[in-house]
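1. okay, predicted coordinates and the sequence, questions at the end:
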Amino acid sequence: MHQTSIRAAVARPPQMAAAPSSGWGDDSAVKPQLSPTLELVTTPVPRSVWRELLERDEQALISQTPDWLDAACAVTGGDDASRLYQWSDGRSFVLPLVRRSAGRDSLVRLESMPSMWGPGGVVSAVAPLERDTKAIFEDLANLRLLRVGIRPAHSGDGAWGDAAPAGAIRNTHRRQVLDLRGGFSHTLATRFSASTRRNARKAESEHLTVESGSSTALIDAFYELYERWTEQGARDRGIPVWLAMRLARRREPRSKYEEVADRMGGACRIWVARYQGQAIAAAISLIHRSHAVYWRGTSDRDAAGKTRANVLLQKLMIEEACAAGCVDFDMGESGGVTSLIEYKRRFGAEEVVYDEYRLERFPLTALESRASTMTGAVERTLQRIAAR
């Protein structure tokens, strides 16, 4: 564990008398001051402190938990670089961070969280103010790493946007979130569209069987469907199947699902719908306290489309989230795909816009954008070759 005291670097303002703090991030024990200062940064964060702050943060998401970070590290080959920020008035903030390196200190990246691992941002008993996030940005900028990325959870984006340095790169993200307040019956009756309710009833009449849990057998079924979906997509687009499969396994390795299911336990549930014994659709939901997430989904498009199996799985996941007392169901990003955005909208999900912030020593984002453009060009070339 590494601790950095910054007391000597900050001019201490006059303080008002207050009782000593009784716990980590206990907002009832915050000592009133004219202008609190950042005093201590500790990395990695002691897990007992992290978990205590999680218990006090009603807005915290599953992607901000230490178990989730451990899964991300195991899959990406990263390390726990979480940072604990302690202020002079008793407030504390945990910033989950994954450290990834190409073998040299100058090539280190810190990410909260890595791509495909959900939002990050701070965990605390109290919402951060602009001065808090500004101090965090300054601390991270002083590390002078290849890249530091922060993707705050959508509910806490405001304080980050105003404090981001002028040179920070901003990438806008759009998630679709379903409000569950009022319970499942209310959500079904007032937020699901008429066509979605009708498709759910049709799916229930198709004699589908649905199994859920976190067993290895369910992971097998999910991943087999993912590979089948990848193969179907490759054939439709005229891309070599072997190439599509290689890219798909690299982007979403099986180990990712194994790690998440193992580390998250009952908070992770894999849902598999079968028709006449054959798996045709699968989805994964995550629950942390009052927040649920539709994390991943895949299907045999033809069979699932005819039976409306995907609609049934969404309904069941939403119903379970309501039964668990969740106030929202995050259906994730849609990558700008109009049909997917509309699909989620028909369940009542509304768009939430938030920004990701990157501090870069070199223009990595620009290079990645060019690489993505080149990948698209290669794909179109392969399609033209296959069509000859």
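-> That came through, no problem.
2. how about residues contacting the strand or helix carrying residue 242?
-> If you go by DSSP states H and E, residue 242 is part of helix 241-251. Outside helix 241-251, the residues within contact range by Cβ atoms under 8 Å, 6 or more residues apart in numbering are 116, 226-227, 230-231, 233-235, 382. Placement of C-beta: from N, CA and C, glycine included.
3. so which of those belong to helices?
-> 226-227, 230-231, 233-235, 382 (DSSP state H).
4. what's the spacing between the host helix or strand of residue 273 and its chain's center?
-> Per DSSP H and E, residue 273 falls inside strand 268-275. The chain centroid and the centroid of strand 268-275 are separated by 21 Å, computed with Cα atoms, centre = their mean, to the nearest Å.
5. who does that strand pair with, and is each partner parallel or antiparallel?
-> strand 209-213 (antiparallel), strand 278-288 (antiparallel) (DSSP bridges).
6. mean neighbour count, those strands: which tops it?
-> The highest mean neighbour count among these, using mean count of other Cβ atoms under 10 Å, belongs to strand 278-288: a mean of 23.
7. what's in contact with the helix or strand just after that strand?
-> If you walk from strand 278-288 toward the C-terminus, the next helix or strand you reach (DSSP H and E) is strand 291-299. Contact partners of strand 291-299, identified using Cβ under 8 Å, 6+ apart, comprise 59-63, 118, 180, 222, 225-226, 229, 252, 257, 260, 280-287, 309-310, 313-314, 317-318, 320-321, 324, 326-332.
8. again, but for stretch 68-78
-> 62, 79-80, 82, 96, 98-100, 113-114, 117-118, 253, 255-256, 259-260, 262-264.
9. out of the residues you listed, which end up buried?
-> Those of these that meet the buried threshold are 62, 79-80, 82, 96, 98-100, 113-114, 117-118, 256, 259-260, 263-264, by 16 or more other Cβ atoms under 10 Å.
10. return the subset of those residues lying in strands.
-> Taking DSSP state E as the definition of strands, the buried ones among the contacts of stretch 68-78 contribute 79-80, 98-100.
11. and those as TSV, adding pLDDT and distance to residue 275?
-> Formatted as TSV, those follow (pLDDT from 0 to 100; distance: Cβ to Cβ, whole Å):
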residue	pLDDT	distance to residue 275
79	97	44
80	98	43
98	98	39
99	97	45
100	95	41
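12. go through those residues and name the one nearest residue 187.
-> residue 98 (34.1 Å; Cβ to Cβ).
13. quick one, phi psi at the closest residue to the closest one other than its chain neighbours?
-> Once flanking residues are discounted, residue 98 sits nearest to residue 78: 4.1 Å by Cβ to Cβ, 6 or more residues apart in numbering. Main-chain dihedrals, residue 78, degrees, to the nearest 10: phi -90, psi -180.
14. how close does residue 78 sit to residue 322?
-> Distance from residue 78 to residue 322, counting by Cβ to Cβ, to the nearest Å: 35 Å.
15. also residue 263?
-> Following Cβ to Cβ, the distance that separates residue 263 from residue 322 is 25 Å.
16. which parts of stretch 99-113 are buried?
-> Per 16+ other Cβ under 10 Å, stretch 99-113 contains these buried residues: 99-101, 108-113.
17. quick check, pLDDT for the residue lying closest to residue 231 once chain neighbours are set aside.
-> Once flanking residues are discounted, residue 231 sits nearest to residue 241: 5.5 Å by Cβ to Cβ, 6+ apart. You'll see residue 241 listed with a pLDDT of 95.
18. what are the phi and psi angles of the residue nearest to residue 193 when sequence neighbours are not counted?
-> With sequence-adjacent residues excluded and distances taken as Cβ to Cβ, 6+ apart, residue 193 is closest to residue 346, at 4.2 Å. For residue 346, the backbone dihedrals (degrees, to the nearest 10) come out as phi -70, psi -10.
19. mind listing what residue 346 touches?
-> So residue 346 contacts 192-193, 195-196 (Cβ under 8 Å, 6+ apart).
20. before we move on, what about residue 318?
-> Residue 318 neighbours (Cβ under 8 Å, 6+ apart): 178, 180, 184, 187, 292, 329, 347.
21. tell me the angle the strand holding residue 273 makes with strand 291-299.
-> Per axes from the mean of the first three to the mean of the last three Cα atoms, to 10 degrees, the angle that strand 268-275 makes with strand 291-299 is 40 degrees.
22. tell me which residues are up against strand 268-275.
-> The contact list for strand 268-275, computed with Cβ under 8 Å, 6+ apart, reads 206-215, 218-219, 221-222, 225, 257, 260-261, 279-287, 303-304, 307, 309, 312-313, 316-317, 320.
23. enumerate every residue touching the residue positioned nearest the centre of the chain.
-> With distances taken as Cα atoms, centre = their mean, residue 118 lies nearest the centre of the chain, 1.4 Å away. Neighbour list for residue 118: 61-63, 68, 293 [criterion: Cβ under 8 Å, 6+ apart].
24. show me these that map onto helices.
-> Using DSSP H, the contacts of residue 118 in helices are residue 68.
25. and the contacts of residue 118, which is closest to residue 132?
-> Using Cβ to Cβ, those come closest to residue 132 at residue 61, 18.9 Å.
26. I figured that closest one hits residue 122, correct?
-> No: under the criterion of Cβ atoms under 8 Å, residue 61 makes no contact with residue 122, lying 11.6 Å away.
27. for residue 341, give me its contacts.
-> Applying Cβ under 8 Å, 6+ apart, the residues near residue 341 are 176, 334, 351.
28. with distance to residue 86 and neighbour count as added columns, please give the residues you listed in TSV.
-> Output for those, formatted as TSV (distance: Cβ to Cβ, whole Å; neighbours: other Cβ atoms under 10 Å):
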residue	distance to residue 86	neighbour count
176	36	22
334	39	19
351	36	12
